[in-house]
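Engineer: Structure of the sequence below:
(chains A and B)
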Amino acid sequence: MGQKNIRNFCIIAHIDHGKSTLADRILEYTGAVSKREMSEQVLDSMDLERERGITIKLKAVRLTYKAKDGQEYILNLIDTPGHVDFSYEVSRSLAACEGALLVIDASQGIEAQTLANLYLALDHDLEIIPVINKIDLPNADPERVIRELEDNIGIPGEDAVLVSARTGVGIEDILETIVERIPPPQGDPEAPTRAMIFDSHYDQYRGAVAYARVVDGTIRVGEIIQMMSTGRQFEVTDLGVLAPNFVRVGALGPGDVGCIIASMKDVRDTRVGDTVTVASRPAAEALSGYRPAKPMVYCGLYPVINEEYTALRDALDKLQLNDAALTYEAESSAALGFGYRCGFLGLLHLEIVQERLEREFDLDLITTAPSVVYQVVLTDGTVKEVDNPSALPPVTKIDHIKEPYVKASIMVPDEFVGAVMDVCQDRRGIFVTMEYITPERARLEYELPLAEILMDFFDRLKSRTKGYASLDYEFLGYRESQVVKLDILLNGNPVDALSCIVHQDKALSRGRALAEKLKEVIPRQQFEVPIQAAIGNKIIARETVRALRKDVLAKCYGGDVSRKRKLLEKQKEGKKRMKSLGNVEVPQEAFMAILQVD
Amino acid sequence: MGVYVHIPFCAQKCYYCDFYSVVVSREDFTSLVGSYLVSLRQEALYYRDRWKDGHLESLFIGGGTPTVLPPEELAGLISWFLEELPFGAEPEVTVEANPQSLTAAGAKVLAEAGVNRISLGVQAFQNHLLEAIGRVHRAEQVKASVAALRQAGISNVNLDLMFGLPGQSQREWTETLESAIALEPSHLSCYGLILEEGTPLEKWVSAGLVEVPDDDLQAEMYETACRILKGAGYEHYEISNFALPARRSRHNLLYWRNQPFIGLGSGATGYIQNCRYRNIPDLWRYIQCWRAGSPAYEDAEHVSPEQEMDETMMVGMRLLEGVDEASFRHRYGVSFWDVYQAAIADLLDRGLVKYTEGRLRVTARGLFLENQVSQAFLR
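Structural biologist: I've put the predicted structure just below:
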């Protein structure tokens, strides 16, 4: 089949607007997956993805479709992650396509991520096909969504396809529109080979597998390929497409989307965004847009039981095989012992890794409060990057500190504009602009410190707007900021793992709130435990966990010793999950308490 | 060495109770009780043939509410046990009773059958508190019940009291203690309310519908009980138990000294020849099993020598006399100092236990934090 019969497209949407369900329907309709084989949402393969209803890793599926014009087409559907943490991966998957289905929930309308994704797609010159989904819902209002499209994005309403991914209505229309409107790939089969990696995964038997879109030239089995960012070379042992099961092919030509297997050790050999060329006739210039994944958020991960340190390292090693964005290095804490300082793309990425470590590797972990990376400019002019409060140099050596800022775009119904402004203002936000998408819906733009977004920002935003607010943000740069280190003392002893870096103006209220929160989560002990918050030598807040007065099982249950023993064993087990700091037993959640305070 | 018999019938289920018992309609009651008593006798004979631990010194009929059975039936069962099982001289024979289900005539029948100790579920002397926890009796009935027992010649009477009840004040608790003392019982049990999972009370409290005194108030109530009862001449001999001289519960001492006992009836537990078993907490299935001639336990656990040691310490530390080093060494061939070196050192360090007169026992502080003491001995 020639290049002219290939269509490469992706689906972009705000979270929960039905992207995965739509992908499933398309797979089902084109016969790639039979109805019987369909477990809900084929493209989300990890359990975690299913539970959280988000797509973590994008993948590509090749579909064959016989259109009404009588010709057969290859449609490559490239799935994209739906969370701001993974926006770079989204941009790479968009770069692998010529067109995009922009899915909008017929009852919700355009949301922050709809727009963010749309602008990204337009940046890549994609043909946009608006798809208004969930038209079967009783509160669906496709007319309104069409108006929003016309007024704000300038897309003619008649271009929109009305579907219900749930019932399957409109799926054929989508496929026909894809064939008609999305241009076939342009690429020179004779030029030196260039293919862009838009995803990868680690396979226990085959090593790292790269998902790539060939732009120019051809990749063949047996050839030596070269990664243009690192210069590393590998011999191609296998090529294939996912239909959605792996189907072996001999070569991938211009416009093709497939996977490359070449004895690559881990996913750091197959960096997303990198260009693959053929070593015998390398391309002169890489495709544009590659940048290495850079962690934005750091936290410490410590085993509750010190002996699990090695198990934690092995688990991180294994996860990293499949996650190029995860970084970690050994660190030690006076309070928590030996652990790892880990870097993540964002909070969601952090939570996913933490949960996988606990679930798949059965580890009990203490996670310290996440921190952004601060740029500390020392008095001698050198700049030190600090992602751990305890690594902050002494005040006398610091000239000033810079913190990362993001540009946040928030969409809400008109009536909540005030609430959004309150929340942003409270989080040191700088108002940039506001516009009305429709008379009832506004989009606000703020510049915010990333550190503030980590602090429960989205939850707060949601609760103040009855769940209507949607948020998207992108990194802006570093700005000078008056931040200080807030220390926590338990029983008079500073606990390094509870320290955090906060803005000067917030220090007092955060210190108080943190002390209060810790009082709630630290169980009463045999002795009174004073909790203090301090900046330098100055105590700014104090709380006390009163001594435990009574801990008795009153009755011995008619001689039921087994039962009593089990109850006590359970209690003892709970204690083991706590960390002993001096003679104070501290539960895991205490170390994340800073995230739950105002 | 003793026998525990579970009578799993109640007139009404108390809101805090998670012992196995059922409320049976009047029509089904007679035949069900008949079948149950037959099964109990079968089970007693089964264990009698396997019992190798010498004379029995206590028979305890608990529940449920044993006194919802017709007094003659209950008395008949007790006489039969005393006759058929290898009891020694002058066993302690206790029956748990509810004040409203105990009549003068009933008390007399029980006394004649050999019952010499009654444990009355009094809980509180304020009707609004009794209602709040679903008790069927009324405070006024307690005095009459105690009088009936005395008249029947039963002088060894325990009153069960509870603190930490929904809405209970410190003053009400003091009144309860004083009213109880005025009745001159030989023994008093004071239990702090425990919200057991699955009970109605626990659900109401977690739903915020009912409020119970917090731990600090409970601790104060417990302190009050210790002080007032001591002043009235009662010896505080176990965490929750107080007795006049020579009136300690022989039956409960068996448990606290980790001695074997036969458990009979649906929902009962037993401990013989290093095996702990739990009978099916389902009356009908229990009866079915015995009709088919097979023992009705659903859970049996062999207790290793190490585990037995742990449990001996765990329950022994509930007694204020503590655990005797020499007896422990005699029983297990090792000193507890060697087995629990680190644990005991830590407890001594924390001031929760002390070692005096050859016994390891809880301190005043340890008494309030007994869980932490017991826990230390679990390996």
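Engineer: Is A:Ala283 in contact with A:Val214, as I believe?
Structural biologist: No - using CB atoms under 8 Å, A:Ala283 is not in contact with A:Val214; the gap is 11.7 Å. (Each C-beta comes from the backbone N, C-alpha and C, glycine too.)
Engineer: out of these two, which sits in the busier spot?
Structural biologist: A:Val214 (25 against 20; other CB atoms under 10 Å in any protein chain shown).
Engineer: picking up where we left off before, and for A:Ala283 and A:Val214, which residues touch both?
Structural biologist: Common neighbours of A:Ala283 and A:Val214, using CB atoms under 8 Å, 6 or more residues apart in numbering or on different chains, are A:Thr193, A:Arg194.
Engineer: which strand is the longest one in the chain?
Structural biologist: Here I'm looking at chain A. The residue-count maximum for a strand in chain A (DSSP state E) belongs to strand A:398-413.
Engineer: hm, I was asking about chain B
Structural biologist: strand B:87-97.
Engineer: Next, see if that strand gets close to chain A.
Structural biologist: No - if you take CB under 8 Å from any CB of the partner chain as the test, strand B:87-97 misses chain A, and the best it gets is 9.9 Å.
Engineer: Now whatever helix or strand comes next after that strand: buried residues?
Structural biologist: For strand B:87-97, the succeeding helix or strand toward the C-terminus, using DSSP states H and E, is helix B:104-113. For helix B:104-113, the neighbour count (16 or more other CB atoms under 10 Å in any protein chain shown) marks B:Gly106, B:Ala107, B:Lys108, B:Val109, B:Leu110, B:Ala111, B:Ala113 as buried.
Engineer: Ok, stretch A:430-445 next?
Structural biologist: Quick answer for stretch A:430-445 (16+ other CB under 10 Å): A:Ile437, A:Thr438, A:Arg441, A:Ala442, A:Arg443, A:Leu444, A:Glu445.
Engineer: Let me see the contact set for the nearest residue to A:Arg441 once chain neighbours are set aside.
Structural biologist: Leaving out its chain neighbours, the residue that sits closest to A:Arg441 by CB to CB, 6 or more residues apart in numbering or on different chains is A:Pro413, at 5.8 Å. By CB under 8 Å, 6+ apart, A:Pro413 lies in contact with A:Glu440, A:Arg441, A:Ala442, A:Thr465, A:Tyr468.
Engineer: The helix or strand that B:Val5 is a member of near chain A anywhere?
Structural biologist: In this structure, B:Val5 sits in strand B:2-7 according to DSSP H and E. Yes - applying CB under 8 Å from any CB, one finds strand B:2-7 in contact with chain A at B:Tyr4, B:His6.
Engineer: and that strand with strand B:87-97, angle?
Structural biologist: On the basis of axes from the mean of the first three to the mean of the last three CA atoms, to 10 degrees, strand B:2-7 is oriented at 30 degrees to strand B:87-97.
Engineer: Run me through the strand neighbours of strand B:2-7, direction for each.
Structural biologist: strand B:56-63 (parallel), strand B:261-264 (parallel) (DSSP bridges).
Engineer: Reformat those strands into a markdown table and put mean pLDDT next to each item.
Structural biologist: Below are the strands paired with strand B:2-7 laid out as a markdown table (pLDDT from 0 to 100):
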| stretch | mean pLDDT |
| --- | --- |
| strand B:56-63 | 95 |
| strand B:261-264 | 95 |
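Engineer: could I get these as JSON lines with mean neighbour count?
Structural biologist: JSON lines is the format used below for those (neighbours: other CB atoms under 10 Å in any protein chain shown):
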{"stretch": "strand B:56-63", "mean neighbour count": "24"}
{"stretch": "strand B:261-264", "mean neighbour count": "25"}
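Engineer: Check which element follows the helix or strand of chain A with the lowest mean pLDDT along the chain.
Structural biologist: Scoring the helices and strands of chain A by mean pLDDT, DSSP states H and E places helix A:47-52 at the bottom, with a mean of 47. Note on helix A:47-52: by DSSP H and E, the next helix or strand toward the C-terminus is strand A:60-66.
Engineer: Can you list the buried residues in that following strand?
Structural biologist: Using 16+ other CB under 10 Å as the test for burial, strand A:60-66 gives A:Ala60, A:Val61, A:Arg62, A:Leu63, A:Tyr65.
Engineer: Which residues does it contact?
Structural biologist: A:23, A:26-27, A:30-32, A:43, A:72-79, A:96, A:175, A:179, A:198-199, A:211, A:241-244, A:247, A:257-258.
Engineer: Could you list which of the residues you listed belong to strands?
Structural biologist: A:72-78, A:198-199, A:211, A:241-242, A:247, A:257-258.
Engineer: any bit of the lengthiest helix in chain B sitting next to chain A?
Structural biologist: If you go by DSSP state H, chain B has its longest helix at helix B:26-48. No - using CB under 8 Å from any CB, we find that helix B:26-48 stays clear of chain A, coming within 14.7 Å at best.
Engineer: chain center to that helix: distance?
Structural biologist: Helix B:26-48 has its C-alpha centroid displaced from the chain centroid by 22 Å (CA atoms, centre = their mean, to the nearest Å).
Engineer: Name the residues that touch that helix?
Structural biologist: For helix B:26-48, using CB under 8 Å, 6+ apart, the contacting residues are B:3, B:5, B:9, B:24, B:69, B:73, B:77, B:80-81, B:84-86, B:262, B:264-266, B:270, B:272, B:283, B:286-287, B:289-291, B:293, B:295-296.
Engineer: now do stretch A:125-133
Structural biologist: By CB under 8 Å, 6+ apart, stretch A:125-133 touches A:9, A:13, A:17-18, A:22, A:94, A:97-106, A:118, A:121-122, A:142, A:145-146, A:149, A:155, A:159-165, A:170, A:174, A:177-178, A:181-183.
Engineer: Got the phi and psi for residue 125?
Structural biologist: Answering for chain A, as no chain was given. phi 60, psi 30 (degrees, to the nearest 10).
Engineer: That was the other one, I meant chain B.
Structural biologist: The phi/psi pair for B:Phe125 (degrees, to the nearest 10) reads phi -110, psi 20.
Engineer: gap between it and A:Glu440?
Structural biologist: 65 Å (CB to CB, to the nearest Å).
Engineer: And the helices in the stretch 201-350 of chain A, which stretches?
Structural biologist: Counting by DSSP state H, counting those that start in this stretch, the stretch 201-350 of chain A has helices at residues A:309-321, A:347-360.
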